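S.K.: build me a structure from this.
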Amino acid sequence: MALVGRYNSLQVVKHTNFGLYLDGGSDGEILLPNRYIPKDIPSEDEDWLNVFVYLDSDDKLIATTEKPKVQVGEFASLKVVEINSIGVFLDWGLPKDLLLPYSEEKRQLTAGDYCVVHAYLDKRTRRITATARLDRYLDKTPASYSVGQEVDLLVVEATDMGFKAIINNKHWGLIHKNEIFKFMRSGMREKGFIKELRADGKISLSLQPVGQDAASSLSSKILARLRESNGTLAVSDKSDPALISSLFGVSKGNFKKAIGSLYKEGKIIIHADRIELT
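M.R.: Numbering: from 1, shown residues only. All right, here's what the predicted structure looks like:
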């Protein structure tokens, strides 16, 4: 049986004028239309192809080598392309748009909006469906992170305290306002770090490394950039936070601490508009 809404490695069993038929096990043969066939595939019926399997407009299984923006079991920010009596339709990178039923909306959407959704398989119809009600698909497994661990984040929504984000496709976390040093919005994907594992189970996040190792790493990065730039960089403790973020990916506060330490160690000189190697 093929995994609908996921990538499958399926064997070619038949070549036809309109495409290849792949062995879908108990689902029978699955068509890969000509427009999705890789150019370098041989003519023998023994090849295996990595394809994405979903239901076409006639609810028949079909394979594609195109890459969807989300698979079943994953989260993604998708654009609303149409709204009609059936529901909300989202662009997920395939010809047949992804349905977000009205019952699965969290807020009213209009065409052009972006919405973070989870893709799941309807058990009755086997149709890939989206939901904006994310809580039921998160925090189902115990968190086993460690402070300082690097993680993948999907930013979901702004709150009074900061931004809620999904950690590694599994858990909720919060990026507090004092950890945000650049523009952020719902749908952004970021590298983050575990800052705190609270006793109540909530997880605090940082957009930059934490702890002493992080400070040492930033200092080394600053020195390396100085050497690459003939000993001078046009950035200082009075520079715009956006410039510091673009150069080093850290907040202005952490940058000031790092150059302050380097200055005390006698490794750099700090000017109003630049820093220099001693």
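
S.K.: for L49, give the beta-bridge partners.
M.R.: Under the criterion DSSP bridges, L49 forms beta bridges with L10.

S.K.: check the residue most central in space within the chain and give its pLDDT.
M.R.: The centroid of the chain falls nearest to R189 when counting by CA atoms, centre = their mean (4.2 Å). Here, the pLDDT recorded for R189 equals 96.

S.K.: show the backbone phi and psi for it.
M.R.: Main-chain torsions, R189, degrees, to the nearest 10: phi -110, psi 130.

S.K.: tell me what it is bridged to.
M.R.: Beta-bridge partners for R189, by DSSP bridges, are L154.

S.K.: got the contact list for it?
M.R.: By CB atoms under 8 Å, 6 or more residues apart in numbering, the contact list for R189 reads 152-155. In this view, the C-beta of every residue, glycine as well, is placed from N, C-alpha and C.

S.K.: what secondary structure does G192 sit in?
M.R.: At G192 the chain is in strand, as set by DSSP: H, G, I helix; E, B strand; the rest coil.

S.K.: excluding chain neighbours, what is closest to it?
M.R.: Once flanking residues are discounted, G192 sits nearest to L153: 4.3 Å by CB to CB, 6 or more residues apart in numbering.

S.K.: number of nearby residues for the one you found?
M.R.: 20 (other CB atoms under 10 Å).

S.K.: wait, E276 touches I269, no?
M.R.: Yes: in this structure, E276 is within contact of I269 by CB atoms under 8 Å, at 4.8 Å.

S.K.: one step back: and the residue nearest to the centre of the chain, how far is that from F248?
M.R.: In this structure, R189 and F248 are 20 Å apart, going by CB to CB, to the nearest Å.

S.K.: again with D135
M.R.: D135 is 36 Å from F248, where distance means CB to CB.

S.K.: which one's more surrounded, these two?
M.R.: Per other CB under 10 Å, whichever of D135 and F248 has more neighbours is F248, with 18 against 9.

S.K.: contact partners for that one?
M.R.: 218, 221-222, 225, 255.

S.K.: if we go to 10 Å?
M.R.: F248 makes contact with 208, 218, 221-222, 225, 235, 254-255, 258 under the criterion CB atoms under 10 Å, 6 or more residues apart in numbering.

S.K.: cool, and N254?
M.R.: So, once contact is read as CB under 10 Å, 6+ apart, N254 ends up touching 181, 206, 208-210, 214-215, 218, 244, 248.

S.K.: you'd agree it is in a helix?
M.R.: Yes: under three-state DSSP, N254 sits within a helix.

S.K.: for L247, helix, strand, or coil?
M.R.: What three-state DSSP gives for L247 is helix.

S.K.: wouldn't it be in contact with V235 here?
M.R.: Yes: contact criterion CB atoms under 10 Å: L247 and V235 qualify, at 6.1 Å.

S.K.: the two: who's more crowded?
M.R.: Just comparing L247 and V235: by other CB under 10 Å the higher neighbour count belongs to V235, 20 against 16.

S.K.: for that one, give its distance to I180.
M.R.: V235 sits 20 Å away from I180, taking CB to CB as the criterion.

S.K.: with S85 instead?
M.R.: Per CB to CB, S85 is found 40 Å from I180.

S.K.: with neighbour numbers in mind, choose between these two.
M.R.: Using other CB under 10 Å, the more surrounded residue of S85 and I180 is I180, with 15 against 5.

S.K.: relative to L243, how far out is that one?
M.R.: Distance, I180 to L243, using CB to CB: 16 Å.

S.K.: kindly report the same for G249.
M.R.: As for G249, its distance to L243 is 12 Å (criterion: CB to CB).

S.K.: returning to what we had before: now do the shared contacts for L247 and V235.
M.R.: 222, 225, 255.

S.K.: in PyMOL, select just the buried ones from the residues you listed.
M.R.: The PyMOL command for the buried members of these (criterion: 16 or more other CB atoms under 10 Å) is given here:
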select buried, resi 222+255
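
S.K.: nearest to L49, of the shared contacts of L247 and V235?
M.R.: R225 (45.0 Å; CB to CB).

S.K.: which element is that closest one on?
M.R.: R225 belongs to helix 212-228 when elements are defined using DSSP states H and E.

S.K.: which SSE is immediately downstream of that helix?
M.R.: Per DSSP H and E, helix 212-228 leads on to strand 232-233 as the next helix or strand towards the C-terminus.
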